[in-house]
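1. How does the following fold in three dimensions:
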Amino acid sequence: MPFELHPEIPDGGNANSRRFSEIAPLAEMEGIPFNPPSVFRPTRRAHQAALLVEHVDPEAAPRFHDRLYAAYWDEELDTEDPAVLCELASDIAVDAGFITGTVTTGGLLPALGASMMRANEWGVTGTPGYVIANALHVPGLQEDDFWDRVIQRLTERGIAE
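-> Residues are numbered from 1 along each chain as shown. Presented below is the predicted three-dimensional model:
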């Protein structure tokens with residue numbers, strides 16, 4: 001679900017003073033590009049564009065999410081710029097004018113707000129976070145053996161197969 005990690009970031013962003021020394025080695029170990037940006041930008045428009053893609057072309061949503069991640073954390077693109085969002089979705093069945101109009105007017109801000117409210121009700125305070133079977137919130141990164149135990153318990157309770 002859309003979750004704005006730092007909704008307080010103003011338009012234009014804030015300079016990055018964090019080193020991310022705890023995250024960078026994990027990303028490297030997993031082979032995930034991770035180049036913290038020099039400026040943290042708000043993500044309201046990016047979330048709205050992602051909601052559009054999820055609605056119009058659900059099969060393309062994972063690809064678009066990957067592109068947003070790379071744009072923000074690897075390429076340091078301004079993912080609040082409608083032109084950047086349109087370029088990231090250029091081969092996806094979402095009209096560029098629709099993306100631009102929606103993100104510049106804030107047309108899906110109510111949907112983002114509703115998602116944030118649901119996340120807060122679950123106790124989500126960061127990413128990643130997982131809601132399993134609409135019954136359990138698991139915060140943060142977890143080891144494989146943890147997930148094995150969760151799946152086993154859900155299966156025993158008839159929640160997962």
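2. which stretches of the chain form strands?
-> 14-15, 39-40, 129-132, 136-139 (DSSP state E).
3. Next, format those strands as TSV and append mean neighbour count and distance to Gln48.
-> Where C-beta positions appear, they are placed from N, C-alpha and C, glycine not excepted. Shown next, in TSV, are the strands of the chain (neighbours: other Cβ atoms under 10 Å; distance: least, Cβ to Cβ, whole Å):
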stretch	mean neighbour count	distance to Gln48
strand 14-15	10	20
strand 39-40	14	18
strand 129-132	15	20
strand 136-139	14	24
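4. In a markdown table: the ones you listed, plus mean pLDDT and distance to Gly158.
-> Listed next are these as a markdown table, based on pLDDT from 0 to 100; distance: least, Cβ to Cβ, whole Å:
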| stretch | mean pLDDT | distance to Gly158 |
| --- | --- | --- |
| strand 14-15 | 92 | 47 |
| strand 39-40 | 92 | 43 |
| strand 129-132 | 82 | 14 |
| strand 136-139 | 83 | 14 |
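5. Identify whichever of those strands lies nearest to Gly31.
-> Among the strands of the chain, the nearest to Gly31 by Cβ to Cβ is strand 129-132 (21.1 Å).
6. Parallel or antiparallel, which strands does the closest one pair with?
-> As defined by DSSP bridges, the strand partners of strand 129-132 come to strand 136-139 (antiparallel).
7. Give me the contact list for the strand it pairs with.
-> Here strand 136-139 makes contact (Cβ atoms under 8 Å, 6 or more residues apart in numbering) with Trp122, Gly123, Val124, Thr125, Gly126, Gly129, Tyr130, Val131, Ile132, Val150.
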